[in-house]
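Asks: when you get a sec, could you give me coordinates for this:
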Amino acid sequence: MADSTIKRMKTLALSLTVVAGLLVLNACQSSTPKAQPPAEQDPNLNASMQNLKLQMDQLLPTLLNAREFRAPENQASIAARLRTLERVSNNVTHSTAIKDENATLAFLSKGFHDDIRRSREAFEQGKKDYARTSLLNTGAYCIECHTRTNSGPSFQTNEFQQSLTLLQPLDRAEYLVATRQFDAALKDLDQVLKGGIKEGVTVFDLEKAAHMALQITVRFQNDPAKGLAIIDDILQAPNVPFNMKTNAQLWKAGLQNWKKEKKREVRDPLKKSRELVDHALKKQKGRDDRASDVEMMRVQSLLYPVLNTEKKPARAGEALYLMGQAYESVRDLSLSSLHEEYYEACIRKVPHSEWSKRCFKKFEESTLIGYSGSGGTSIPADVQGKLKELKDLAL
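Replies: This next block holds a predicted model:
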C-alpha cells in the first residue's frame, strides 16, 4: 500500500477516534441531534455534550483534509467552530456532574479542554498544521477515560461502522477502544502483535498495540487469562525486538501471579491497592523497568471507585497518593502527566497532612525531573510559583 494511502487512513482513524470520543461522552443522549442553546448560556452537561458532538461533526469534513483546513475561504468558519468547541469543552470541565464523579474525570476533561484551547490558539497564530494535529490527537483522552473500569456502557453505533473496514488493524483498534468495543479491539491488536515488524508496522506500532491490549485485559476486563494469551502471542511472534520480548516476560510473570491468587471479592480496595503498590515498588528496578506494570494497572482499576466514593479525608488522601504512584510507574503507557495531577489533587484534598507531604515530595521530584536535561535544571517562573503554592498547602 502506498505511503500516502496509509497516511490518509491513519488520519481518518485519528479523526474517527476524536468523534468516537465525543460520542462516548454523549453516552446517554439520543443518536438524533437536537438543537441546543449557545454553549456559554447552557451549563447543562448533556446539552454541552450534544453541542460538542454537533460542532465536531461540522468540523470533521474540513479536518480530514489538510488542504481544506488551510484554505483561506475556510478560515473564518474553522475559527468560529474552534471557539465554540473551546467554550463547550469548558462547560464540560466545570460541570458539577464531572466534578462529582471523581478526580480522574476532572483531569481528563480539563486536559481535553486545554488541547482544544491550544489548538484554537495555534490556529489563530497561523500554525494550521499544529492545530490540526492537536485536534486529531485528542482521542487519547477518550481511550484513557474509557479503559478506567469495567463499568459503563459499550457503544456500538452504526454511524461509522462502514468506515472501520477501511482502516488498518491498529488504527481500527484505537477507535474501538475509544468506543468501548473491547473484544473487537483485542482481535485487531492481537493481529498486529502476531505479525511482528513488517511493512507498515513499526516497533512503535507493536509497543502501542501491546500497551493497549494490557490496558484492556487488566484495567477494564480484569482478566489475567486473556492477558496471558496476548503475551504468549507476543513471545511467539516473528520479528519482535528483544527488549519488547523481555518486557513481555515481565508482564507474563505479573499476570501469572495474579491468576494464582484466590478468586474472592476485594472487601477493601484501598488495602489491596496498598499491598500491590508495596509489592510492585520492591521489584521495580528503575523508572523504565516494566516489571510492575500489571500490579500498577490493577491498582488503577481498584482505586477508581474509591476515589468516587471515599468520604474519609485520610483514606481519600492515601488513595490519591497510591493512584499517583500507579500512574507514575506506567506513565509511558498512558497520558504521561496524570501522576502529577493525582499528587496535586491529594495536596489540595487533604492539606497539611501526612499524605499531602508525601504527595508534594513526589510532585516536586517529578517536576524537577521534567525540567532537567543535559544543560541542568531550568524551571519556568510560573511552575516555581505553583511549587511554592503546593508546598505551602502540603507542609
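Asks: ok, now which ones touch Lys245?
Replies: 234-235 (CB atoms under 8 Å, 6 or more residues apart in numbering). The way it works is simple: take the backbone N, C-alpha and C, and place the C-beta from them, glycine included.
Asks: CA atoms of the helix or strand hosting it as PDB?
Replies: Using DSSP states H and E, Lys245 sits within helix 242-260. What follows is helix 242-260, C-alpha atoms only, in PDB (Å, rounded to 0.1, in the frame of the first residue of the first chain):
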ATOM      1  CA  PHE A 242      14.400  -8.400  22.200                       C
ATOM      2  CA  ASN A 243      13.500  -5.500  24.500                       C
ATOM      3  CA  MET A 244       9.800  -6.000  23.900                       C
ATOM      4  CA  LYS A 245      10.000  -9.700  24.500                       C
ATOM      5  CA  THR A 246      11.900  -9.000  27.700                       C
ATOM      6  CA  ASN A 247       9.000  -6.700  28.800                       C
ATOM      7  CA  ALA A 248       6.500  -9.300  27.800                       C
ATOM      8  CA  GLN A 249       8.200 -11.900  30.100                       C
ATOM      9  CA  LEU A 250       7.800  -9.400  32.900                       C
ATOM     10  CA  TRP A 251       4.200  -8.800  32.100                       C
ATOM     11  CA  LYS A 252       3.600 -12.600  31.900                       C
ATOM     12  CA  ALA A 253       5.100 -13.000  35.400                       C
ATOM     13  CA  GLY A 254       2.700 -10.400  36.800                       C
ATOM     14  CA  LEU A 255      -0.300 -11.900  35.100                       C
ATOM     15  CA  GLN A 256       0.600 -15.400  36.300                       C
ATOM     16  CA  ASN A 257       1.000 -14.300  39.900                       C
ATOM     17  CA  TRP A 258      -2.400 -12.600  39.600                       C
ATOM     18  CA  LYS A 259      -4.000 -15.700  38.100                       C
ATOM     19  CA  LYS A 260      -2.800 -17.700  41.100                       C
END
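Asks: you'd agree Lys362 is up against Tyr342?
Replies: No - contact criterion CB atoms under 8 Å: Lys362 and Tyr342 do not qualify, at 9.1 Å.
Asks: so between those two, which is more surrounded?
Replies: Tyr342 (27 against 18; other CB atoms under 10 Å).
Asks: quick check: domain ranges of the protein?
Replies: Domain segmentation of the chain under automatic domain parsing yields 1-146, 167-262, 265-395.
Asks: can you redo those as JSON lines with mean pLDDT?
Replies: Listed next are the domains of the chain as JSON lines, based on pLDDT from 0 to 100:
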{"stretch": "domain 1-146", "mean pLDDT": "64"}
{"stretch": "domain 167-262", "mean pLDDT": "90"}
{"stretch": "domain 265-395", "mean pLDDT": "91"}
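Asks: number of nearby residues for the nearest residue to Ala280 once chain neighbours are set aside?
Replies: Spatial nearest neighbour of Ala280, excluding adjacent residues (CB to CB, 6 or more residues apart in numbering): Ser292 at 3.4 Å. Neighbour count for Ser292, taken as other CB under 10 Å: 24.
Asks: same deal with Thr309?
Replies: Neighbours of Thr309 (other CB under 10 Å): 11.
Asks: then Ala253?
Replies: Residues within reach of Ala253, counting by other CB under 10 Å, total 14.
Asks: need the phi and psi values for the closest residue to it other than its chain neighbours.
Replies: Of all residues not flanking Ala253 in the chain, Ala291 sits nearest, at 7.6 Å (CB to CB, 6+ apart). Dihedral angles of Ala291 (phi, psi; degrees, to the nearest 10) stand at phi -60, psi -30.
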